[in-house]
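Trainee: Based on what follows, work out the 3D shape:
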Amino acid sequence: MRIANLAGRLVLVDQGRAVDVEHASGGRFGSDPQAVYTDWDAFTRWAATAELPRGAEFDQAALAAPVPAPRQIVAVGLNYRDHAAESGFSAPEGLPPVFTKFVTALSGPVTEVTLPPGGHTDWEVELVAVIGKTASHVAEADAWDHVAGLTVGQDISERVSQLAGPAPQFSLGKSFPGFAPTGPWVVTPDEFADRDDLELGAAINGEEVQKGRTRDLIFPIPTLIARLSAIVTLLPGDLLFTGTPAGVGLGRSPQRWLAPGDELVSHVAGIGELRQTFVTA
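Mentor: All right, here's what the predicted structure looks like:
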């Protein structure tokens, strides 16, 4: 099942066409793409047996963030050994660095992003898990039962503000408007042959800059959910950014930053791609 946000309305993507959920369910489920996660079990039961009408063609540029208003966005850093090494850190033990991206940074899959003046704006492709069931003190073996689906995310990061001050400001440096594109849709875990081993990558103007596999996560999704939920209650519709592989601009020599006119394409196999174009203010 693939769930998307088409011009602010909840849709199922079926054979490349969009089926409006409110209309198809006779009003059983509303049009709000965020609200569906509070009734996730009932929604999946309905979707599994519903006879869907033929959907409408659509332009991916009309898609908004598939999960547009999460109560929490939890993000982790240094969750691939090669990225930790390129960043000058040892691989974390116990739990990776945890921060948030503020919800106003969220955007859809095809966007134009304004570069902060005087900044060094970097890229970080990530697999993002969407929580489908309240998670508190969840055992690792049960963690996938709390995941509604997976989507593609970009943890765009402005390094000057991120690293300024007596302590790093991860959340601020990663929360400029448009710095959290997600999409193009949420894909339920049962669609993947191996949900723990997905290819992800990013390219700038057609040049590949990142490529990795989620099997190389130091803390895979079940481990993250178990260890995070021992401290923080994860809520339906929350987003979990799981970390980025090597290849970011900060870790290059010389360092490289996004520039006006650049097009950044990010993908996760089996889900789809994001496409961001960067402009000056």
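
Trainee: So Phe58, which state does it fall into?
Mentor: With DSSP: H, G, I helix; E, B strand; the rest coil as the basis, the three-state label of Phe58 is coil.

Trainee: wait, isn't it in contact with Leu6?
Mentor: Yes: the pair Phe58 and Leu6 qualifies as a contact (Cβ atoms under 8 Å) at a distance of 5.8 Å. Every C-beta, even on glycine, is put in place using the N, C-alpha and C of the backbone.

Trainee: mind checking which helix or strand of this structure has the lowest mean pLDDT?
Mentor: Every helix and strand of the chain was ranked by mean pLDDT, DSSP states H and E. The lowest is helix 81-86, at a mean of 92.

Trainee: where along the stretch 1-150 of the chain do the helices fall?
Mentor: All helices of the stretch 1-150 of the chain, identified by DSSP state H, counting those that start in this stretch, fall at 21-24, 40-49, 81-86.

Trainee: on that earlier part again, contacts for the least confident helix or strand of the chain next, please.
Mentor: 78, 90-92, 212, 216, 218, 243-248, 250-252 (Cβ atoms under 8 Å, 6 or more residues apart in numbering).

Trainee: Neighbour-wise, which one of these leads?
Mentor: Among the contacts of helix 81-86, Thr244 has the most neighbours (other Cβ atoms under 10 Å), with 30 neighbours.

Trainee: Look up how far Asp122 lies from it.
Mentor: 10 Å (Cβ to Cβ, to the nearest Å).

Trainee: next one: Lys174
Mentor: 9 Å.

Trainee: can you list the domains in this structure?
Mentor: 2-63, 66-280 (the TED database).

Trainee: coming back round to it: what do Lys174 and Asp122 both touch?
Mentor: Residues touching both Lys174 and Asp122 by Cβ under 8 Å, 6+ apart: Ile156, Ser157, Glu158.

Trainee: ranges for the strands of the stretch 51-200 of the chain?
Mentor: In the stretch 51-200 of the chain, the strands defined using DSSP state E, counting those that start in this stretch lie at 63-64, 73-76, 98-100, 106-107, 110-114, 121-122, 125-131, 147-154, 157-158, 180-187, 199-204.

Trainee: right, so of those, which gets closest to Leu239?
Mentor: strand 73-76 (4.7 Å; Cβ to Cβ).

Trainee: what lines up beside the closest one in the sheet?
Mentor: strand 98-100 (antiparallel), strand 239-241 (parallel) (DSSP bridges).

Trainee: Give me the contacts around that strand.
Mentor: The contact list for strand 73-76 (Cβ under 8 Å, 6+ apart) reads 96-103, 106, 126, 155, 174, 180, 219, 224, 228, 232, 234, 238-243.

Trainee: what about 7 Å?
Mentor: Contacting residues not belonging to strand 73-76 are listed as 96-101, 103, 155, 224, 228, 238-243 [Cβ atoms under 7 Å, 6 or more residues apart in numbering].

Trainee: Any of these buried? List them.
Mentor: The neighbour count (16 or more other Cβ atoms under 10 Å) marks 96, 99-101, 103, 155, 224, 228, 238-243 as buried among the contacts of strand 73-76.

Trainee: between the residues you listed, which is nearest Trp185?
Mentor: Of all these, Trp185 sits closest to Leu239, with 13.9 Å by Cβ to Cβ.
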